[in-house]
Every structure is written in structure tokens, then in C-alpha cells.
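Q: Make a model of this:
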Amino acid sequence: MGPVMAHRMAMAVLLAALSACAVGPNFKQPPAPATPNYGTAPMQGDIEATERDATQRLVANLDIPSQWWTLFQSPKLNLLVEQALKGSPDVGAAQAALRQAHELYSAQWTALFPTIQGGATGDRSQFPAATLTSPTTAPNNTYTLFTAQLTLSYVPDIFGGTRRAVEQAKAQVESTRFQLEATYLTLSSNVVVTAVQEASLRGQIAATTRLLELQHQLTEKIRQQRALGTADDLDLLAQQALEAQTAQTLPPLEKQLGQTRDALTALLGRLPSQEPTETFALNELTLPTDLPVSVPSKLVEQRPDVRQAEENMHAASAAVGIATADMLPQFSINADVGSSALKLQKLFSPYTSFWDLGASLSETLFDAGALYHRRRAAVAALDQAGAQYRSAVILACQNVADTLRALRADADALKANDEAARAAKAAFDLAQRQKNIGTISLVAVLNAEQAYRQAELSLVQAQANRYADTAGLFQALGGGWWNRTKEPRYEQFSPTGQ
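A: Predicted structure coming up:
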């Protein structure tokens, strides 16, 4: 049999292996939830708050833009989200993990084909002439042998174990890709929510500062009245206690603001000393009005964490096939072709060539049940991946339901707080008019304004909750990654621009 025949035999075995059936289960995509809704959570209709605040409308199956944060119409917010997607180390790590998974898949795919290695050796040897016959035609017992050869080795994928390994590696690539999408989604959502939190805290600090100023004025007014004998010590002590209680609320708000700025800086992939110059206020943000609502069967296609869990299940299914194939006979083919000569210049000359071709079959006859238990472990891992997938679906649906309920509750809370603030403002305006005509004292006016400022503080918190939960809905629905046309590229932040 010559080298050409050996090549043909190897190719025939390769084609036969690739056409064989692969053992193990063929993965099937899990069925989508059949339910059309999220229980009693609202899925359509208007969400009205106040005359001054936008009415939001739930729109079934409305598509989500990939840059959904631009719906808040804040150039500063858009800039920081883009900087975070480029500068966060979490993005860099996730992108590197995806590159690694691609390379591992490519490496695993090559196992379907033969391996050919080339080699060249030169040996100087001496044989015992008095004991053995000379292995060469040389006249003495010392010689040099030069050899050049190609070695082919191939393991035919008769039962599909290698193809299942390739399938597993491909599923791991997809799992890592959806993990990257989840990183993008979580990061962009965190930037938006953190910016909203900063805006809320700035509003609360401003309202609290104004309230503290009013209470200080009231304290001084009561002190003056006490000096005149129109107020007693009890009135002064009560007002001083109220002023101190309000003052106690300011440092925690300032602490939260500082920590929120630190968190925003970290999301951008920067150190605390590299804090961005952009700041946020609620009146600089626009509340998105048309809100998408996807049914559960569509949601499972949109959520990166659900898609990742599905690909993990796919990889676990392929692992069962790999473990099954390991229990079956293993085949291998080996071939060598080359040339050997006593002189280097004689290599590849006539009568120096050689070749060999061989095949082997092996089967594990006894391993104390190791292969059997490995397969059972793979089946258990598949069951685990299936349960984790179902858990991811349940969590996704819960997130959407929770957010839809929160949006409705936010609107109701904003309406109630707005009514309270309007009533307090009307009482304050009335007190001012009465003070101007001398029917009430300045203390009554300050008390009325104090009630108004407290209502204003609650109104700021209610408005911020509505913005934050709107961002939460976009996150819960998957964030529109399927509409992205350009992948963010990780770039380590440099304060000097170098």
C-alpha cells in the first residue's frame, strides 16, 4: 500500500466518521411560557400622574432601541453611559472572556480533522559488532542516521463525541456572548439609575437646606418673642428640637450624594479622584412616555440572562453526549511517511523512503464504573441547567411584573404627593397674604412654608422613583441589545487623553 492509498483510506474514514450519528440527546430549545400576561400587573393603557408630569403609556410589543437611555433626552447622561460602556473593567473582562471562548471553540473544532506533524532527526550510534549484526550497510560499527518524516494521527468521530464537544464549545461561546450583553445592560442601567439617584439627592438636599433655613428663622423669631414675654421656654425648646431634627437629616443626604458620585465614577471605570464633571438634576431629565411591554414568550428571547441560561443548558446537553461517547469503543488511525539515510545529502534519494499505516481499537473493560458515573453526573448537570433556566425565566417575568406594578404605584404616589404639595403651597400663599394685612404673625407664615417645603421634599422623592422605575422597566425587558449596530469597545480611561 503506497502513500496515495493511505491518504485515500484516511479520507474515507474521516467522511464516514462525519456522517455517523452522534450519541446523546439532541438539544431542543425549551418551550416559551404560554401565559399571555404577568398576572394582575398592568400591560396596557395610560399611567397618569399629575397635570405637570408626563402621562406614560404602556404599548404592547413596542420595540426597544439599543440606546434606550437616550429616551431620557439628557446629553450628559448619554455621554456618561457611552463612557461607561467603553471604560468599565467589567466590560473589558466580559469582552476578553468572549474572545477566549471563541478561540477555545476554534481549537475544539480542529479535533474533527487529522493531525499531521513533521520531524527530522540525526542520530550518531555505535552497535556491538561482536554481538549483533550491523543494522546498516556501513563497513564499521559506528554510523550516523538522518531521518525526515511526516506523522499523521486521527481519531475518527464514529459515535459523535468530538462533534458533541464542538457543540458544547459553541454553546459556551453563545453563553459568554449573552453574559457580555448582560454586562452592557446592567452597566447602562446602573449609570441611569445612579444619575437619577444623584438628581433626587440634590433635590432633597436643596429642599432640606431651605427647610432648615426656615426653621432657623422661626427659632430666632420665637427667641425674640420669648424676650418680649409673648413666648415661653417650652415654645423655644420645642422649636429648637425641631430645627435640630431637620439638621440631622442633612449630613446623611450629603453622605449619600458623595457615595453616589463615587459609585457613578466607579461605573465609568475611574478612580474617585477622576470624578466626572457632569452633574444631574431632575428637571434636566425627560420622562419617557411610550413604554414597551413584551409578553413572556417574547421576553425570554430578549433577556440576556435567560438566553445565557438556555445556552448553558445546551452545553450541558452536549456534555451528556460526550460522556456517552466515552463509554463506547475508541478508534484511531496512525500513518508515517519519510526517508532515512546515512548521509544528509542522500535523504529522499531512491530506496531511502519508508511508510507505515495502522489502525487501533480500544475499549475500557474495567474502570470500577468511572465512565458510568461520569455520564450520570453529566445527566444530573443537565437537570441542574434545566432548573436554572426555569429559575431565570421566573425571575425575568417577576422583574417585569414588579416594575409594571411599581410604575403604577409611582404615578399614584406622585399624584398624592403633588396634591399634598399643592395644598401646602396654597396654605403658604394664604398665610403670606394674611401676614401682609396683619391678621397672622410671621411665625404662622414660617410654619406654613415649613409644611410646604416638607411636602416638596416628598415630591422630589416620588418623581425620582418614577424615573428610576422607568429605567428598571427597560432593563427588565432586555434593553434592546438586538438592535445594536456597533459593539462598544473597551478603552481604559486616561485622564490625560493619552
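
Q: contacts for stretch 244-259?
A: 198, 201-202, 204-205, 208-209, 211-212, 215 (Cβ atoms under 8 Å, 6 or more residues apart in numbering). No exception for glycine: its C-beta is placed from N, CA and C like everyone else's.

Q: and those as a markdown table, adding neighbour count?
A: Converted to a markdown table, the contacts of stretch 244-259 look like this (neighbours: other Cβ atoms under 10 Å):
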| residue | neighbour count |
| --- | --- |
| E198 | 22 |
| L201 | 23 |
| R202 | 18 |
| Q204 | 21 |
| I205 | 18 |
| T208 | 21 |
| T209 | 15 |
| L211 | 23 |
| L212 | 18 |
| Q215 | 23 |
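
Q: Between these, which sits nearest M43?
A: Taking Cβ to Cβ as the measure, M43 lies nearest E198 of these, at 31.4 Å.

Q: which SS class is G24?
A: Secondary structure assignment for G24 (DSSP: H, G, I helix; E, B strand; the rest coil): coil.

Q: isn't it right next to V320, touching?
A: Yes: the criterion here is Cβ atoms under 8 Å, and G24 meets it with V320 at 4.9 Å.

Q: you'd agree E363 is up against F331?
A: No: in this structure, E363 is not within contact of F331 by Cβ under 8 Å, at 10.1 Å.

Q: Compare the two and say which is more crowded by neighbours.
A: F331 (17 against 8; other Cβ atoms under 10 Å).

Q: what is that one paired to in the beta sheet?
A: L361 (DSSP bridges).

Q: mind listing what it touches?
A: 155-156, 158, 359-361.

Q: Kindly provide the distance from it to I158.
A: 6 Å (Cβ to Cβ, to the nearest Å).

Q: quick one: common contacting residues for the two?
A: The contact lists of F331 and I158 share no entry, where a contact means Cβ under 8 Å, 6+ apart.

Q: Now do the helices in the stretch 151-300 of the chain.
A: Remark: helices assigned in the stretch 151-300 of the chain by DSSP state H, counting those that start in this stretch are 161-228, 233-267, 296-302.

Q: Would you mind listing the buried residues in the second one?
A: Within helix 233-267, the residues that qualify as buried by neighbour count (16 or more other Cβ atoms under 10 Å) are 236, 239-240, 243, 246, 253, 256-257, 260-261, 264-267.

Q: With respect to pLDDT, which of the residues you listed ranks lowest?
A: Confidence by pLDDT is poorest for Q239 among these, given 84.

Q: the helices in the stretch 301-450 of the chain, which residues?
A: Along the stretch 301-450 of the chain, counting by DSSP H, counting those that start in this stretch, helices occupy 304-326, 370-436, 442-476.

Q: Of those, which is nearest Q179?
A: Across those, closest to Q179 is helix 304-326 (Cβ to Cβ), at 5.4 Å.

Q: what angle sits between the closest one and helix 161-228?
A: Between helix 304-326 and helix 161-228, the angle comes out at 150 degrees (axes from the mean of the first three to the mean of the last three Cα atoms, to 10 degrees).

Q: Now do P128 against S134, distance only.
A: With Cβ to Cβ as the criterion, P128 and S134 are 10 Å apart.

Q: ok, now which ones touch the nearest residue to H102 once chain neighbours are set aside?
A: Of all residues not flanking H102 in the chain, V173 sits nearest, at 5.8 Å (Cβ to Cβ, 6 or more residues apart in numbering). Contacts for V173 (Cβ under 8 Å, 6+ apart) come out as 98, 101-102, 105.

Q: which one is D235 nearest to, not counting chain neighbours?
A: I222 (5.5 Å).

Q: just checking, that neighbour touches S441?
A: No: assessed by Cβ under 8 Å, I222 is found out of contact with S441, at 10.4 Å.

Q: if you count what's nearby, which of the two comes out ahead?
A: Counted by other Cβ under 10 Å, I222 and S441 do not tie: I222 has more neighbours, with 21 against 15.

Q: quick one: low-confidence parts of this structure?
A: Across the chain, the ranges flagged by pLDDT under 70 are 1-20, 137-138, 493-498.

Q: can you do 80?
A: Along the chain, the model assigns pLDDT under 80 to residues 1-21, 127, 129-140, 231, 441-443, 492-498.

Q: The residue at the greatest distance from the centre of the chain and N141, how far apart?
A: In the chain, the residue that sits farthest from the middle, by Cα atoms, centre = their mean, is A130; the gap is 75.3 Å. The gap separating A130 from N141 is 9 Å, by Cβ to Cβ.

Q: now, which of the contacts of F331 sits nearest M327?
A: Of the contacts of F331, the one sitting nearest to M327 (Cβ to Cβ) turns out to be I158, at 12.9 Å.
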